[in-house]
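> sequence plus predicted model, see below.
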Amino acid sequence: MVIPDITRRHWAVNVRKFISRASSLDDLVRTGSLSAAAASFLGGCVDSGMNILVSGATQAGKTTMLNCLSTAIGPRERVITVEEIFELQLPLRDVVGLQCRQSNLEGEGEIPLRKLVKEALRMRPDRLIVGEVREAESLDMLIALNSGLPGMATVHANSAHDALTKICTLPLLAGENISRSFILPTVASCIDLVVHCVRERDGRRHVGEILAVGSRVESETIETSLLFQQRDGVLHVTDSAVFDLPKLTPEAHGMLHRTGVMG
């Protein structure tokens, strides 16, 4: 809520209503937001513990996508979620949700997102999910993922490549001692996939592209491979897709071969 004299004249109240019509990857396929092949691929990647970054503009369906991806997490995994405001609704049994807290009138008691990410690591998680990375907390998230802890997060971006660029830039806000030469190889070793969500002008939401992030960095550029891209309203496997994903379990590889995603 914003009141005058911050606004010119009237009070401005923003009410967010979450009306999710999808609670699983199969629901996204049913609504046309995702192809069956891409859903099988993403399900195998989540089951294998790969680190996934979900990108998109405001109201593009990033949180819904994160909820749907979480349905592929194993039932025995302990999941810790970290958010500014509770939005995630994971259909899992062992979930601990953490939320930021604003400071009181005396300027005390604030609990920022960075602190929650650090504290989450002490709660013996099997998987870490960050609702949205905006600032310096991206550095703490990358350090957590680099310790062998699988996770997922969302970020605002115009494309999958822009999301990767942004996640390489945000950690620089953590301090002057953080350099790009440290961030680039860290991102390359941590992030495995970028799933970009798109919201059309008529309100339709769908996945626009899925980008695989390689582990090599050359000339300050991270190696990537575009795996899925939307053509004619359908998400297709690209002709130049290179499925070099060593983290996939043998079971996930077998499932993807059976569905025709990986030939």
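It's in. Numbers count the residues shown, from 1 in each chain.

> only C-alpha atoms for contact and neighbour calcs from this point on.
Will do.

> listing partners with orientation, what would you give for the lengthiest strand in the chain?
Criterion DSSP state E: the longest strand present in the chain is strand 205-218. Sheet pairing here is set by DSSP bridges, and for strand 205-218 it gives strand 193-199 (antiparallel), strand 221-231 (antiparallel).

> could I get the buried residue list for the shortest one?
The reference is to strand 193-199. By 16 or more other Cα atoms under 10 Å, the buried positions in strand 193-199 come out as 193-199.

> residue 137: which of those residues is nearest?
residue 194 (18.4 Å; Cα to Cα).

> show me what contacts the closest one?
52-55, 160, 163-164, 210-213 (Cα atoms under 8 Å, 6 or more residues apart in numbering).

> cool, residue 138 as well?
For residue 138, the contacting residues are 167, 170-171, by Cα under 8 Å, 6+ apart.

> and which of those is nearest residue 124?
residue 171 (24.2 Å).

> list the contacts of residue 169.
residue 180.

> break down the stretch 1-150 of the chain into its strands, ranges please.
Taking DSSP state E, counting those that start in this stretch as the criterion, the stretch 1-150 of the chain contains strands spanning 52-56, 79-83, 95-99, 127-130.

> the first one: partners in the sheet, and parallel or antiparallel?
For strand 52-56, sheet partners with direction are given as strand 151-156 (parallel), strand 193-199 (parallel), following DSSP bridges.

> would a markdown table of those strands with distance to residue 86 and mean pLDDT be doable?
A markdown table is the format used below for the strands paired with strand 52-56 (distance: least, Cα to Cα, whole Å; pLDDT from 0 to 100):
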| stretch | distance to residue 86 | mean pLDDT |
| --- | --- | --- |
| strand 151-156 | 14 | 95 |
| strand 193-199 | 21 | 95 |
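
> could those go into a markdown table alongside distance to residue 127?
Listed next are these as a markdown table, based on distance: least, Cα to Cα, whole Å:
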| stretch | distance to residue 127 |
| --- | --- |
| strand 151-156 | 5 |
| strand 193-199 | 16 |
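
> out of those strands, flag the one nearest residue 217.
With Cα to Cα as the criterion, residue 217 lies closest to strand 193-199 of the strands paired with strand 52-56, at 15.7 Å.

> for the closest one, C-alpha coordinates in PDB please.
Coordinates of each C-alpha in strand 193-199 appear next as PDB, following Å, rounded to 0.1, in the frame of the first residue of the first chain:
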ATOM      1  CA  LEU A 193      19.200 -25.300 -16.300                       C
ATOM      2  CA  VAL A 194      17.300 -22.000 -16.900                       C
ATOM      3  CA  VAL A 195      13.600 -22.300 -17.600                       C
ATOM      4  CA  HIS A 196      12.200 -19.100 -19.000                       C
ATOM      5  CA  CYS A 197       8.400 -18.400 -18.600                       C
ATOM      6  CA  VAL A 198       6.600 -16.000 -20.900                       C
ATOM      7  CA  ARG A 199       3.300 -14.100 -20.400                       C
END
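
> quick one: that strand to chain centroid distance?
9 Å (Cα atoms, centre = their mean, to the nearest Å).
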